[in-house]
Every structure is written in C-alpha cells, then in structure tokens.
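# Dropping the sequence and predicted coords here.
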Amino acid sequence: MTHPPVPLSTFPTPLEPAPRLAAALGLGPEDLWVKRDDLTGLGGGGNKIRKLEWTVGAALAEGADTLVTTGAPQSNHARLTAAAGARLGLDVVLVLRGTPGASRSGNLALNGLFGARIAWAGEVDQAGLDAAAAEVRARLRSGGARPALIPFGGSGTLGARGYTRCGTELREQLPDLRTAVVALGSGGTMAGLVAALGSGSVLGVDVGALADPAAAVAEFAAPLTTEAVTPDTLRIRRDQVGAGYPVLTAPVREALLLAARTEGLVLDPVYTGRALAGLHAAVRDGTVRPGERTVFVHTGGLPGLFGHTDTIAFAEEEVRVFDA
C-alpha cells in the first residue's frame, strides 16, 4: 500500500534560463535552463526533500515516532532527514560511516542544530552500515520507540515518486525539453525523472556512490512507468567519478568556477559539480547538442561544500586580491 506524501516544501521549483553558462559550455543562449531544486526550502534545500515527502509519509502512516537513516558524515540526505524530523516532531538517529571528529562543519553541523543523534558506525562498507542501522533500530525498539528506517539516500521506488512529480513539472515548464541532466548517486532522483520523462530524455552523471547505479535506477523506475526500463536503456555517463566519490577532480573544479562566475550558481563538489562537468563533457562529444533544450537539475548540496576541506582550500585560493 502506498501512503500519501507529507508536505515538506512548496512546488513547483523555479526553472531559470542560464544563457551565460550555456555560452561557456558551447550551447546557444536559449538552450540551457536550470531546475532549481536547491530551493526546496527545508533544512538548506535539495533534492532529498521530494523523496522524504514519500518515505516519511509512509513512516508516519505506520505510526513511527523515530526516523533512522544511513549515510556519510556529509550526507545531504541525512541532513534533510534530520530537518524533516525537527519539523514533524520526530526523533532522528543518523547512522553515519566514520568516527567522531574526522569530519567537521557542513552538513554535520546542521545535524547538530536540528537535534539529530548520531551513531558512528566506523569505517564500514554498505553492508556494515546496514547492520549498524539494524542494531540501532533494535535498541530503539527495546527502549519503547517506534523507529522507521528511511533508505540510503531516500532512494527506492517509493522515494522516486517525488521525482516523477519533478519530471511532470519540467514537461509543463519546458514542453520542448530534450535532455534533463542530473547527478546519479543512490539512483532515486534519476529513476523518478526517467519514469516521468522517458529514458531517452534523462542523462545521469554517475558520482561513484554505487557500484552499479544503472541497475538501481532501472529497479526503482520500472514500477512507475509502462516503459520497459532496463540498465541498457538508460543514458549514464561514468567518466566523472575520478579517484572516488569524495575526491575533488579537475573537471569539477572547472565546473564549480563556471557556474559561479557565469550565473552566480553555487554547486557542490560531489554531486552537482560532477553533473555539470558531465554536461560539459557531453557537449564536447556531441551527446548534448546546441539547438536542443537542455535542463541542468540543480539538486542542491551547498551545506556539504563547507565540510569538504579540499574544495574550501581550492575556493580560497581563487580569491583575487585587488591591486590598485
């Protein structure tokens, strides 16, 4: 049974033209638009809110009083789960990979402000993180709580429903949309867009969060559409992962500067920075062409930038000193 979503933001989000960024990428001035899902409001904004409306809605319908989820120390999903819990009066426990003190500021600081508790799982793989979350849930139940597990990244068929709505918004805002470009992490955002827009109209840029992101997207999208969605039908670029998920790459550095200096847009180094770097590469190799309407889906993530020490150091090196 699918329970109704709980409202956590106001939709639709804006769709804005980006002519200066378009020119910098090699597109025409009317070719590029930005879907501002960084402006979803709650807890610093970002794409995870659309998913949480559905996953938290289901948790409330089942009588939960506590939300449990997993992620990395600078997880945007964990930060917004904490914010959703604060708004709805629910306790939140975040089961995070790593140890105390290894990561500071950014999303982690906001988790503290929102009142979430953190259970550090140590240096574990995804299976170890899942096991730690199961242990936390068991302890909560033994103490009389009613915990609900929100999946990693908020992703799954249920969470992806939030992005079918986003795809519908895009079709209404830009009927001649050819390609929506989006970061591909845990898979739910791309899955919802594929369900609404079709596999051929969505280009996902892999950020390295999953070993097989195409399989995840296909699994989550298939129940939401009559289209036959398989890993082979999806448009996915895997050339922007670099040395790994948390590592700032040279193409991402360039993307961060381009967005900031042409449109005043702030991207993050893990998701949206890689997505724009992937779009830039797609224009260079002809995958995305001038004359076609292209949307860059800005999924947010700004608070995480402030917890990424390499990006902060890079940005500070870009400060220009005025020499009269």
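Received the coordinates, thanks.

# what about the strands in the stretch 151-300 of the chain?
Taking DSSP state E, counting those that start in this stretch, the strands of the stretch 151-300 of the chain run over residues 177-184, 202-206, 235-237, 293-298.

# average model confidence for the second one?
Mean per-residue pLDDT for strand 202-206: 98.

# follow-up on the earlier one: of the strands of the stretch 151-300 of the chain, which is nearest residue 265?
strand 293-298 (6.9 Å; C-beta to C-beta). Bear in mind the C-beta positions are built from the backbone N, C-alpha and C, glycine included.

# Run the chain-centre distance for the next helix or strand after that closest one.
Later in the chain than strand 293-298, the nearest helix or strand by DSSP states H and E is helix 302-305. Offset of helix 302-305 from its chain centre (C-alpha atoms, centre = their mean, to the nearest Å): 12 Å.

# Quick one: end-to-end length of stretch 44-52, please.
14 Å (C-alpha to C-alpha, to the nearest Å).

# Kindly apply the preceding question to stretch 99-117 instead.
14 Å.

# Show me which positions of it end up buried.
By neighbour count on 16 or more other C-beta atoms under 10 Å, the buried set for stretch 99-117 is 103, 105, 106, 107, 108, 110, 111, 114, 116.

# swap in stretch 55-74?
55-60, 64-74.

# repeat for stretch 165-185
By neighbour count on 16+ other C-beta under 10 Å, the buried set for stretch 165-185 is 165-170, 174, 177-185.

# Any regions of the stretch 201-324 of the chain where pLDDT drops low?
Applying pLDDT under 70 to the stretch 201-324 of the chain picks out residues 324.

# now the helices for it?
Secondary structure of the stretch 201-324 of the chain (DSSP state H, counting those that start in this stretch): helices located at 213-221, 250-263, 272-285, 302-305, 309-317.

# ok so, going back, quick one: the buried residues of stretch 99-117 as TSV, columns for pLDDT and secondary structure too.
Below are the buried residues of stretch 99-117 laid out as TSV (pLDDT from 0 to 100; DSSP: H, G, I helix; E, B strand; the rest coil):
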residue	pLDDT	secondary structure
103	80	coil
105	88	coil
106	93	coil
107	95	helix
108	94	helix
110	97	helix
111	97	helix
114	98	helix
116	98	coil
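
# quick one: which two of those residues are the most distant?
Maximum distance among those (C-beta to C-beta): 16.5 Å, for 103 and 114.

# coming back round to it: now for the helices of the stretch 201-324 of the chain, which one comes closest to residue 199?
Here helix 213-221 is closest among the helices of the stretch 201-324 of the chain (C-beta to C-beta), at 8.2 Å.

# Does anything pack onto that closest one? Which helices or strands?
Here helix 213-221 touches helix 157-173, helix 188-197, strand 202-206, strand 235-237, going by 3 or more C-beta pairs under 8 Å, 6 or more residues apart in numbering; DSSP states H and E.

# mind putting those in JSON lines, distance to residue 97 included?
Shown next, in JSON lines, are the helices and strands packed on helix 213-221 (distance: least, C-beta to C-beta, whole Å):
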{"stretch": "helix 157-173", "distance to residue 97": "20"}
{"stretch": "helix 188-197", "distance to residue 97": "19"}
{"stretch": "strand 202-206", "distance to residue 97": "20"}
{"stretch": "strand 235-237", "distance to residue 97": "25"}
